[in-house]
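1. Predicted coordinates and the sequence they were generated for:
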Amino acid sequence: MSKYYLLQDSERCIGCLACEVHCKTNKGLGVGPALCKNTWVGPVDVKGLPRVRFVFMPCFHCEEPWCFKVCPSGAIKKRASDGIVYIEPALCIGCKSCITACPWGSCQWDPVTQKAVKCDYCKDRVDAGLKPACVTKCLTQCLEFGEAVKLPDYRRDRFAKLVAEHAFSTETTSP
Amino acid sequence: MKSIKAPNVSGVGSPGRRSVFSMCGMCATRCPIQVEVEDGRVTWIQGNSHDKAMGASLCAKGAAGLSLEYDDDQRPQYPLIRTGPRGAGQWRRAGWDEALDYVADKLKSVIDKYGGKGVVLSDRGGAFSDLTKSFVKALGSPNYFTHDCTCGSNAHHATKSLFGVGRTGMSYDFKNSKHIVLYGRNIIESLQVKEAKDFIQALQNGAKCTYIDPRATLTAGKAARYWQIRPNTEYALNLSIINVLLKENLYDRDFVTRWSIGLDELSSFVMDKTPEWQETYTGIPAREVRSFVNEIANDAPKAIFHAGWMTARHLQSFYGSRTAHAINALLGAIEVPGGSIFAKGAKDVGKKGLNNLTDRIPAVKDPRVDGCGWKHTHFDPGPGILHLLFPAIETGDPYKVGAYIAYRHDPLSSLPDPEATMKLLDRLELLVSIDVNYSEAAWRSDVILPESTYLERANILTEKTGPKPSFLMRDQAVSPRFDSRPAWWIFRELARRLGVGEFFDFENVEEIWNYQLEGTGVTVAQLREKGQISLADKPVLWDREKGLKFKTPSGKIEFTSSVLKKAGLDDFVEFAPPKNMEGDEFRLLFGRSAVHNHAHTMNNPLLNELLDYNPIWIHPSRAEKLGIADGSLIEVSRQGYAVKGLAKVTPWIHRDAVFMLHGFGRTVPLQKRAYNKGTADQRLQKGMLTVYDPAGGGHALCECTVHVHPA
Ligand code: SF4
Ligand code: SF4
Ligand code: SF4
Ligand code: SF4
């Protein structure tokens, strides 16, 4: 696993798909390859209310990347410094092995270059001290990028708030 | 081919890197953006983070501006003059001089025949309409129209009738609200970036949303309460909410006594409109309404009843909006944080506003062709009511018109029944479209004048009203890729050819900017630095004791309105229940997704990839009876017109209705990606061109019913 993690807060996400277009325009990719996908499930009926979950899927930058292992030409690299997994286009021979191997469909085919492409956590931006394109311009700022050990704990905060609210509401407040 | 160029804004095309602060042009929201340019090419677009509410955020459409600029060649690239019959798609390429001369000559002959008033122009209103209004006014025509009759007219006039300001004269402070009530205002799909962000932030801060819509949108997915209301019945619900507020004494008595007239009349009108009464029409359980009203009275005044944005829905939409705002007033949720706040202009904060171009032009004497402001005294003559133009074309009453210019507006996508619309437009001597894309109307016009994209052009400056008013600039980022021109130049060139050039005696857009800014103390250089200048340090709220400025005749909130009375309209009308839908009959509803803007972006390569089809939503209980399975092909028809599409069987649409996203079913063959994909609701709206809410002027599009069968 890379030292980074890209976390999505489904509660904030609105399914606007801007992230997908931000990613494509940053990488100059046209119709076809999608380095990230925000898929939604629902609406499902939860106690009479329509509820939708959003799942943002870039590449997970695995600790032992399936894509890396199957690549016959050594085009898939894993940076020693931070574990980012990326494709070196000059070495890619277009065999599509990585596309077959990645369990999450993260490796994609670019019909223009006739090579595989994948999310590289926008490493150029990260190296320049910036956040990935999808994170920077996410409409609701529901995407967070950072070192996996330092990501925010909003889900615990939220849960704590719920517990507290429940406790307060059951306590007697009047004398 | 002689080609006269419009001057670029200074700095455009220079080598190296530049950041240009501008305004998005992918939808009519026109969010503030920052455009990165390298050696004359746009490399990155993000929200203009000088605007804190915006940050770097941008929606999918905004991001796909790059795709419009560099991947989309299926748009007009040079002026086109029709050579075959209208709509046959036979064109010849023309130079700008030739195309402009052609249009000007035709306009001249129309003006000779009918006077200046024989020229009509429609656009989508908004930030830059001072330019188009000026052009029409310079020709001596009162006939400037916006698209509002298919959008906000009903809410606009309703807001005016109560508060004296139009729809955009009231802003909503979502961020500080405790309870946000939306009637089909699909805030996260039919989205404006800042508003959607504020809404989500409000929910994170603990605000509740009550969402009322026959269809469960993604916004419903965020709501704490969702009511799948029967279509076209929200007015009944509102009357019952007022009933409970008044009967149970849950309203803000001090505020209402101080600031309104007509409470007694309202009170007696809603006397019998109980939650039990509304239940039979809306399907919303009475006890839920009661507990909701108690809850919202607790949350007040940090409560918002959204009076609607696109309200061209049914025959009583005006009263639906009017009662929504009446509830805001009863809750005292006016001019308070978390409620509805008057939008302030420069003058309201003690500053000088921009100088208007229209002010340089003498007033027009002729009355409007649509009767707004004279025959229909309760309709705002500013935006007009576009569909009232068509009976005038048909009858020649009150007078004849001969030319129609559609600027950035597609009357054949937005108005219902394009076939009927086109038949009437065919009677005119001249049809011109000025657009970035091939609109349905452009394809059937005599001349298409391609406007440069928003990245390739500068516009006139604009003033944004709100709790914190500001001046905004759309600057030019790059040179035009094709032989297109900015609007200010196109209208100036036409004006010069028509002998009214003196009103547009500007050589470049900077000269216009300087004229607009004269006396404001703000300079072009300052604006270019950040793209905007705020005219107030913090949100301006008027004093609720003494300082509220209702621009109504009485200076108060008018539950009883002399304006309505003069027009022969009631303050509140009896609710007219829609008939229940049975058998194969359904109400046709429509809406939007987050990735397309009305009908303008369907052919954008990256947006088309995200969504190129609109299935037809239908409730399982009705689908089953008709033998319709999820994903099967169905036929939807009305008055002899039929289309086929794939059914999406889902409980998240009311059983009375079928639903489709608007904007699909494009008929311009040159738009290869979007051509013929999906179905067009407006084409199914047969016979609906002149069906409208008589009090609000807006269309009653959801009165349209259709028949549905397996195909
Ligand atoms: S841009 Fe952000 S809010 Fe929109 S779909 Fe992507 S992750 Fe969700
Ligand atoms: S492409 Fe797939 S296998 Fe390779 S690192 Fe990413 S998620 Fe893992
Ligand atoms: S991190 Fe960069 S490459 Fe990966 S999905 Fe986001 S924008 Fe695309
Ligand atoms: S909402 Fe999106 S398309 Fe519309 S102006 Fe804003 S960024 Fe552009």
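-> Right, received. Where do you want to start? Ligands and ions are numbered 1, 2, ... in the order given.

2. Could you use CA atoms for every contact and neighbour count after this?
-> Noted.

3. buried set for whatever helix or strand residue B:512 lives in?
-> Element membership of residue B:512 [criterion: DSSP states H and E] is helix B:509-517. By neighbour count with 16 or more other Cα atoms under 10 Å in any protein chain shown, helix B:509-517 contains the buried residues B:509-510, B:512-514, B:516-517.

4. what's the answer for stretch B:658-675, then?
-> By 16+ other Cα under 10 Å, the buried positions in stretch B:658-675 come out as B:658-668, B:670-671, B:673-675.

5. So which residues of chain A form helices?
-> For chain A, applying DSSP state H gives helices covering A:18-27, A:66-70, A:97-101, A:123-127, A:133-137, A:154-170.

6. Are the fifth one and ligand 1 in contact anywhere?
-> If I follow you right, that is helix A:133-137. No - Helix A:133-137 lies apart from ligand 1 when judged by Cα under 6 Å from any ligand atom; the minimum separation is 6.8 Å.

7. For that helix, list the C-alpha coordinates in PDB.
-> Extracted in PDB, the C-alpha atoms of helix A:133-137 (Å, rounded to 0.1, in the frame of the first residue of the first chain):
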ATOM      1  CA  ALA A 133      -6.900  16.900  -9.600                       C
ATOM      2  CA  CYS A 134     -10.000  15.000  -8.400                       C
ATOM      3  CA  VAL A 135      -9.500  16.000  -4.800                       C
ATOM      4  CA  THR A 136      -8.600  19.700  -5.500                       C
ATOM      5  CA  LYS A 137     -11.700  20.300  -7.500                       C
END
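
8. For that helix, which helices and strands make contact with it?
-> Where contact means 3 or more Cα pairs under 8 Å, 6 or more residues apart in numbering or on different chains; DSSP states H and E, helix A:133-137 is packed against helix A:18-27, strand A:143-147.

9. Flag whichever of these has the least confidence on average.
-> Note on these: lowest mean pLDDT is at strand A:143-147, with a mean of 95.

10. strands paired with that one, and their directions?
-> strand A:4-8 (antiparallel) (DSSP bridges).

11. looking at it, residue B:403 is touching residue B:117, isn't it?
-> No - using Cα atoms under 8 Å, residue B:403 is not in contact with residue B:117, being 9.6 Å away.

12. List the contacts of the helix or strand harbouring residue B:131.
-> Element membership for residue B:131 (DSSP H and E) is helix B:129-138. With Cα atoms under 8 Å, 6 or more residues apart in numbering or on different chains as the test, helix B:129-138 has contacts from B:119-121, B:123, B:142-144, B:356-358, B:361-364, B:460, B:488, B:491, B:495, B:500, B:503.

13. Now, those residues that are in helices?
-> Using DSSP H, the contacts of helix B:129-138 in helices are B:488, B:491, B:495.

14. Can you read off the pLDDT for the second one?
-> Yep, that's residue B:491 we're talking about. Reading off the model, residue B:491 has pLDDT 98.

15. rewinding a little: now the buried members of the contacts of helix B:129-138.
-> Neighbour counting with 16+ other Cα under 10 Å marks B:119-121, B:123, B:142-144, B:356-358, B:361, B:364, B:460, B:488, B:491, B:495, B:500, B:503 as buried within those.

16. which ones among those residues are found in strands?
-> Of the buried ones among the contacts of helix B:129-138, the ones assigned to strands by DSSP state E are B:119-121, B:123, B:144.

17. In those, find the pair that's most separated.
-> For these, the maximum inter-member distance is 13.7 Å, found between B:119 and B:123 (Cα to Cα).

18. Leaving out sequence neighbours, find the closest residue to the residue sitting nearest the centre point of chain A.
-> When Cα atoms, centre = their mean is applied to chain A, the residue found nearest the centroid is residue A:58 (3.6 Å). With Cα to Cα, 6 or more residues apart in numbering or on different chains as the criterion, residue A:58 has its nearest non-adjacent residue at 4.1 Å, and that residue is residue A:36.

19. which SS class is residue B:11?
-> For residue B:11, the secondary-structure state derived from DSSP: H, G, I helix; E, B strand; the rest coil is coil.

20. and the gap between it and residue B:356?
-> Distance check for residue B:11 against residue B:356: by Cα to Cα, to the nearest Å, it reads 26 Å.

21. Might you quantify the distance of the lowest-mean-pLDDT helix or strand in chain A from its chain's geometric centre?
-> Comparing every helix and strand of chain A by mean pLDDT, DSSP states H and E singles out helix A:154-170 as the least confident one, with a mean of 83. Centroid separation for helix A:154-170 versus its chain: 28 Å, with Cα atoms, centre = their mean, to the nearest Å.

22. tell me which residues of that helix are tucked away?
-> So for helix A:154-170, nothing qualifies as buried (16+ other Cα under 10 Å).

23. From the contact counts, what lies against the longest strand along chain B?
-> Counting residues, the longest strand in chain B under DSSP E turns out to be strand B:641-649. Applying 3+ Cα pairs under 8 Å, 6+ apart, one finds that strand B:641-649 contacts strand B:616-618, strand B:633-638.

24. Ligand 1: which of those strands is closest?
-> Closest of the helices and strands packed on strand B:641-649 to ligand 1 is strand B:616-618, at 22.4 Å (criterion: Cα to the nearest ligand atom).

25. do whichever helix or strand comes after that closest one and chain A meet at all?
-> Once the chain leaves strand B:616-618, the next helix or strand it forms, by DSSP H and E, is helix B:620-626. No - using Cα under 8 Å from any Cα of the partner chain, helix B:620-626 never reaches chain A; the gap is at least 14.5 Å.

26. outside of helix B:620-626, which residues touch it?
-> With Cα under 8 Å, 6+ apart as the test, helix B:620-626 has contacts from B:583-584, B:629, B:649-651, B:655, B:709-710.

27. That helix: which residues count as buried?
-> Neighbour-count burial for helix B:620-626, counted by 16+ other Cα under 10 Å, picks out B:620, B:622-623.

28. repeat for stretch B:221-237
-> For stretch B:221-237, burial by neighbour count (16+ other Cα under 10 Å) applies to B:221-223, B:225-237.

29. near chain A, which residues of chain B?
-> With Cα under 8 Å from any Cα as the criterion, chain B meets chain A at residues B:43-44, B:46-47, B:56-61, B:63-64, B:66-67, B:188-189, B:193, B:196-197, B:200, B:204, B:216, B:218, B:220-222, B:224-226, B:594-595, B:605-606, B:609, B:652.

30. any idea which of the helices and strands packed on strand B:641-649 is most buried?
-> When these are scored by mean count of other Cα atoms under 10 Å in any protein chain shown, the highest mean neighbour count falls to strand B:616-618 (a mean of 27).

31. Confirm for me that residue B:141 is in contact with residue B:116.
-> Yes - using Cα under 8 Å, residue B:141 is in contact with residue B:116, at 4.9 Å.

32. Close to ligand 2: what parts of chain A are there?
-> For chain A, the contact set with ligand 2 under Cα under 6 Å from any ligand atom comprises A:59-62, A:65-67, A:85, A:102, A:104, A:106-107.

33. mind redoing it with 5 Å?
-> Within chain A, the residues that sit near ligand 2 (Cα under 5 Å from any ligand atom) are A:59-62, A:65-67, A:102, A:106-107.

34. how deep is residue B:525 tucked in, by neighbour count?
-> The number of residues packed near residue B:525 is 9, by other Cα atoms under 10 Å in any protein chain shown.

35. Which is the succeeding secondary structure element to the particular helix or strand that has it in it?
-> Residue B:525 is part of helix B:524-530, with elements assigned from DSSP H and E. Next along the chain after helix B:524-530, taking DSSP H and E as the criterion, comes strand B:532-534.

36. Provide the strand pairings for that next one, with the direction of each partner.
-> Sheet pairing for strand B:532-534, assigned by DSSP bridges, gives strand B:470-472 (antiparallel).

37. out of the contacts of helix B:620-626, who's nearest residue A:136?
-> residue B:650 (35.1 Å).

38. What is the neighbour count of residue 24?
-> You didn't pick a chain, so chain A it is. The local packing of residue A:24 (other Cα under 10 Å) involves 24 other residues.

39. if you could check chain B rather than the one you did, that'd help
-> Close neighbours of residue B:24, defined as other Cα under 10 Å, add up to 26.
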